[in-house]
Structure formats: structure tokens, C-alpha cells
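Student: mind folding the following:
(2 chains)
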Amino acid sequence: MATIRIQGLVKRYGQVTAVDGLSFEVRAGTVTGFLGPNGAGKTTTLRMLLGLVTPDAGTATINGYPYLELPEPLHQVGAVLEAASFHPGRTARAHLRIQALAAEADESRIEDVLDLVGLSGAARRRIGGFSLGMRQRLGLATALLADPEVLILDEPANGLDPEGIRWLRGLLREFAAEGGTVLVSSHMLAEVAQTIDSVVIISHGRLVAQGPVTEFTAKGDDLEDVFFQLTQEAVR
Amino acid sequence: MTALALPSGPVVRPNALPRLVRIELVKLTSIRLGYGLLAVSVGLTLLWTILQASQAGKANGPEPLSGYAGQTSIITGGVWGLIFAAVLGVTISSGEFRHHTATLTYLATPSRSRVLAAKAVAGAISGAVFGLAVYIVTLAVGLSFVAGHGYRLAIGAGTLTDWGFGHLVGAALLGVIGVVVGSLVRSQFATVIGVFVWTILIESLIGGLFGSVRPYLPYTAATALAGTPLGSANFGPSRGVVGVSALPFAGAAALLLAIAVAGALIAFRTTIRRDVT
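Tutor: Predicted structure coming up:
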């Protein structure tokens, strides 16, 4: 059953069509890679899915409802959209306390998620002094705070070191194994290739291909080669 | 997965607003900015009030402290608290865009009108704290100078209480207006500069050129709530006012509230609905 459903989504910025009639589905309990070159429309699509950007046409639903209509959105969806969306003068713990209040989550979850992402030792530090990798980890802690069913991550591996990327893979696989649904965008296929079950490839705001990873690699092709071939064909 | 029948539009639970206000207050108290602005406004008020009190009765200074007018001009002079309450209000709303935290705020609370309402209440509460703090300073300095010179206090306790309440209400309403302005203009730097330019320069110019409109200018109306004589809270050559009276308390409060509501409606129709990219 589809947890996330995008149907005929369109977004224009002036003369530029960022997302052009995009449709795809993400099944429950899977990790789906949302892939495309820079400027393909991935971030705009995710922001429309999360109610932050209003589409010019089409619908985007999670569990059958637009994000704006979810009664307890943070308990259903955890999202990491940008590594810089924290007040630099706030400590990591204070940031998570605010998010816990917003989600009406138990404050005991703060220590749990700090521990989970490896930031317990930095909880009292101001976020302005965090590295990009630490901000990504804090973003993941924020997303996981209310124990959501769905994770939507935009380029979560940016700034993570190799160990961090490995840790992220494990986290996403474990989340899906427990029945959670993950949609993770990336323009760097190598970072997500070992993690994802399914793939949605877009280029210039349009769907290029969608399906289980095994379909694309059935003939022994490397997923990265398939990705470049498909996106370059779309450009032509 | 939810199986509830849901209405269209953002879902808001009945107790949402008090919780959202609490969130905004925790946001405010978890960073240094609010404390810094409060310290600066108290410090400036202290300095300004001492300077004014020491100049009382001298050429180009306030009226002598021996009389009602002189004592009034010192004790109702907490204007920096009003101005900084507006500045804090601006940062409450525009700070979300400066630091890109609006994304997380709207993910947690998709109802943007509720977020604006909660910020306005937080702006009012924090503004009230600013107003009260600077009034305590002006009252302490004023009473100290009056006592130090051996003068009799010409102002009754009831009037002093009213002015304290007025400082609180005036700063609270300017805090709300600051929130609204900050949601209309997302550039925090431009808006903060705009608050100072408006209160210090533009109202003085407009008030000086068109005396009849002066009582209806927002900063001047807020100072009227605080009990400040019309014109004495302005800066520059337009301090003197002839033939124009300050708005009564209810009128000034209603004017500021109307400005805040009108601004909030415009913000909700325009900037609040914009895409968060």
C-alpha cells in the first residue's frame, strides 16, 4: 500500500517549471531513493509534499491526506529538509525541547534521540558552533523525536563523514525494518545505492523512472550507470 | 495510518494557542537576544533618565523637578522600553526567516495564522516585561532625584500606578505591532532599522510638520498610554507641541490594536501564505 502519493504535481516559478506533472508512489515499509541531478525539482517536490510550498496543480498526500490536514503531523512524518534550519544561538537540547513541545512528545525522548544520533555530548552546545555533519545529525534527531511513521529526508548525507554515512544507512534500514517508510532524496547515488529498496528518478521536474532497485540492476548494470543514462536521455 | 475523517485546511486543536504561545516564549528565552535587548533598553533608559533629570530646570532641559510637569517628564520617560519592545517583536517573527527556522515551525504547526497569533501574544507578553522594566527604572530615578533635591512628590500613587500600567500596555501593543511588521517584511535587518527610523525620525518629522496627526502616530500613541506628555517622547526639534492633545488611554489602545489587527490581516493575505523555500 502506498504511504506517499504524488499525483500530477506542478510548480512554476515565473517562466521556470520546477516540477512538471510529477506522479509517483512510495510504499509503506520501504526506503525509496528520490534521485535526480541538481535542479531536478527534488526539494520543491518534497516541500510541496510537506505543505511548505503550494503546488500550481496536482496533489501530494501522506497516509491519504495532504500534510496540512494531518492531525498530529510530527507523529506521522519526520522531515529533514535543510541543515541550516536551526537558530545558531540555541543549544541542541533547547532546540529539541521546543520541538518536543510542538509535537507534544515526551521530553524524555530528547535524551533518547540525542543518544541515537550521537550528540549527547554536544547537547548543551550552541548550534552555531556545530559542523555541517552535526547539524545533519541534529536534524535527524528532530525528525525522529515524535517517533513518526514516515521519514522524508532531503540530501541527509550532506556533510556526513564516511562513518556518518554508514551510520545513516543503518538507521534508515532499521527504521524501514520496523515498518517505517523513508523517502530520501539525493543527487549522489553512491551514498544511497546500498540503502534503498526502490528508486524514483526525476529530471527537469519530470519522472524519468520508478521501480524496485533490483529492476534496474537485473541485467548486471550498475545503478549509477543506469541513473546517468536515464537522466541524460531525459535531457535529450 | 489515520482513518479519521478530516476537514480541509490545517487541523487545529482547541488548546493549540496556549501551547503555541508557550513554544514561542521558550524560543525567546532559549536565546540571548531577548535578554540583550532588555538589558540595552534598561541601560539606555537609565542613562537617558539620569541625563534628563540632571538637566531639569536648566535651559533646554525638562521642567524643574519641584513641580508636576518636571516630575512627569522624568517618570514617564521609559520610551526606550517601548521602542525595544517593538524591535523584539520584529525579531520574533522575522527571525524565523533569517535563521530558516520557519520550515520547522510550519512543519510542526501547519496553521500559519495560529503561528502568527501565538507570536503576537508572545510579543505582547515580552513587550509588557520591557515596559514594566523601564518604568521601574524611570520611577526609581525620578523618585531618587525628587527626594535628593528635597522636593515633595507632586504625583499621586494612583497616577503612578496608571503610568506603570500604561508603560506595560503601550510596550505590549508595540510588541504585537513589531511581530506583525516582522511578518510583513521578512528582512530582519531592514525592519529593525525601520523601527528606529520610524520612531526616532519619521514620527518626529510628521509630528512636527502636521501637529494634528501627531496623536494618531503609533509610537506617539504608545507613549500617550505610558503617560508621556505629547511631544516629549519625540526626538529632535519637534518636541514642543501647541494646541494638540494626546489621545485618551482607551483611544490610544484601540488605535494600536487596530493597527496590529489590520497589519495581521494584510500579512495573512500576503506574506504569511508565501511559499517557504
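
Student: which stretches in the chain count as helices?
Tutor: Since you didn't name a chain, this refers to chain A. A:42-49, A:73-76, A:92-103, A:108-116, A:132-144, A:162-177, A:189-192, A:213-217, A:223-235 (DSSP state H).

Student: hmm, I had chain B in mind actually
Tutor: B:16-29, B:33-55, B:68-75, B:79-98, B:102-108, B:112-148, B:157-184, B:188-196, B:203-209, B:218-225, B:249-269.

Student: quick one: which of those helices is nearest A:R173?
Tutor: Counting by C-beta to C-beta, A:R173 lies closest to helix B:102-108 out of these; the figure is 24.3 Å. C-beta: built from backbone N, CA, C; applies to glycine.

Student: distance from that closest one to the middle of the chain?
Tutor: 26 Å (C-alpha atoms, centre = their mean, to the nearest Å).

Student: next, count neighbours for B:G156.
Tutor: For B:G156, the count of nearby residues is 9 (other C-beta atoms under 10 Å in any protein chain shown).

Student: for it, give me the pLDDT.
Tutor: With respect to pLDDT, B:G156 scores 95.

Student: same question for A:M188.
Tutor: 73.

Student: give the contact list for it.
Tutor: Shown in contact with A:M188 (C-beta atoms under 8 Å, 6 or more residues apart in numbering or on different chains): A:A157.

Student: okay, and the helix or strand of chain B with the least pLDDT?
Tutor: Taking mean pLDDT, DSSP states H and E as the measure, the helix or strand of chain B with the lowest value is helix B:203-209, at a mean of 86.

Student: now do the buried residues in stretch A:36-49.
Tutor: Under the neighbour-count criterion of 16 or more other C-beta atoms under 10 Å in any protein chain shown, stretch A:36-49 has A:36-37, A:40-49 buried.

Student: hmm, who's touching that stretch?
Tutor: A:4, A:6, A:9, A:11, A:18-20, A:22, A:34-35, A:53-55, A:60, A:62, A:67, A:79, A:81, A:152, A:154, A:183, A:185, A:187, A:201-205, A:208, A:231, B:275-277.

Student: what is the rounded mean pLDDT of stretch B:88-99?
Tutor: In the prediction, stretch B:88-99 has an average pLDDT of 95.

Student: try stretch B:261-277
Tutor: 91.

Student: just checking, what packs against the least confident helix or strand of chain B?
Tutor: helix B:218-225 (3 or more C-beta pairs under 8 Å, 6 or more residues apart in numbering or on different chains; DSSP states H and E).

Student: tell me the contacts of the most centrally placed residue in chain A?
Tutor: In chain A, the residue lying closest to the centroid (C-alpha atoms, centre = their mean) is A:L153, at 1.5 Å. Shown in contact with A:L153 (C-beta under 8 Å, 6+ apart): A:79-80, A:140, A:143, A:182-185.

Student: closest to A:E163 among those residues?
Tutor: The nearest one, if we look at these relative to A:E163 and count by C-beta to C-beta, is A:L140, at 14.6 Å.

Student: that closest one against A:L171, yeah?
Tutor: Yes - judged on C-beta atoms under 8 Å, A:L140 makes contact with A:L171 at a distance of 7.2 Å.

Student: of these two, which one has the most company?
Tutor: A:L140 (24 against 19).

Student: not counting sequence-adjacent ones, nearest residue to the more buried one?
Tutor: Nearest residue to A:L140 in three dimensions, chain neighbours excluded: A:V117, at 5.3 Å (C-beta to C-beta, 6 or more residues apart in numbering or on different chains).

Student: sorry, back to before: dump the contacts of A:L153 into TSV; add pLDDT as well.
Tutor: Shown next, in TSV, are the contacts of A:L153 (pLDDT from 0 to 100):
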residue	pLDDT
A:A79	96
A:V80	94
A:L140	95
A:A143	96
A:V182	96
A:L183	97
A:V184	96
A:S185	94
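
Student: so which of those are in strands?
Tutor: A:79-80, A:182-185 (DSSP state E).

Student: could you pick out which of those are near chain B?
Tutor: The subset of the ones in strands among the contacts of A:L153 within reach of chain B, by C-beta under 8 Å from any C-beta of the partner chain, is A:A79.

Student: nearest to B:L205 among the ones in strands among the contacts of A:L153?
Tutor: A:A79 (47.8 Å).

Student: can you name the residues bridging to the residue nearest to that closest one when sequence neighbours are not counted?
Tutor: Leaving aside its sequence neighbours, A:A79 sits nearest to A:I152 (C-beta to C-beta, 6+ apart; 4.5 Å). Taking DSSP bridges as the rule, A:I152 bridges to A:A79, A:L183.

Student: show me the shaky parts of the chain.
Tutor: No chain was given, so I picked chain A. Counting by pLDDT under 70, chain A has low-confidence residues at A:1-2, A:219-220, A:234-236.

Student: chain B was what I was after
Tutor: For chain B, the ranges with pLDDT under 70 are B:1-15, B:232-242.

Student: one more pass at 50, please.
Tutor: Under the criterion pLDDT under 50, the flagged ranges of chain B are B:1-8, B:14, B:237.

Student: so for stretch A:50-59, what gets flagged as buried?
Tutor: A:50-53, A:55, A:58.

Student: wait, B:A253 sits on B:L225?
Tutor: Yes - between B:A253 and B:L225 there is a contact at 6.2 Å, judged by C-beta under 8 Å.

Student: more neighbours, these two?
Tutor: B:L225 (31 against 20).

Student: quick check: the gap between that one and B:S245.
Tutor: Separation of B:L225 from B:S245 (C-beta to C-beta, to the nearest Å): 14 Å.

Student: what of B:H167?
Tutor: From B:H167 to B:S245 the distance is 20 Å (C-beta to C-beta).

Student: I figured B:G67 hits B:R152, correct?
Tutor: No - counting by C-beta under 8 Å, B:G67 does not reach B:R152; the two are 9.9 Å apart.

Student: give me the more crowded residue out of the two.
Tutor: Shown here are B:G67 and B:R152; by other C-beta under 10 Å, B:G67 has more neighbours (14 against 9).

Student: quick one: contacts for the more buried one?
Tutor: B:A154.

Student: phi, psi for it please.
Tutor: With angles defined as degrees, to the nearest 10, B:G67 sits at phi -120, psi 180.
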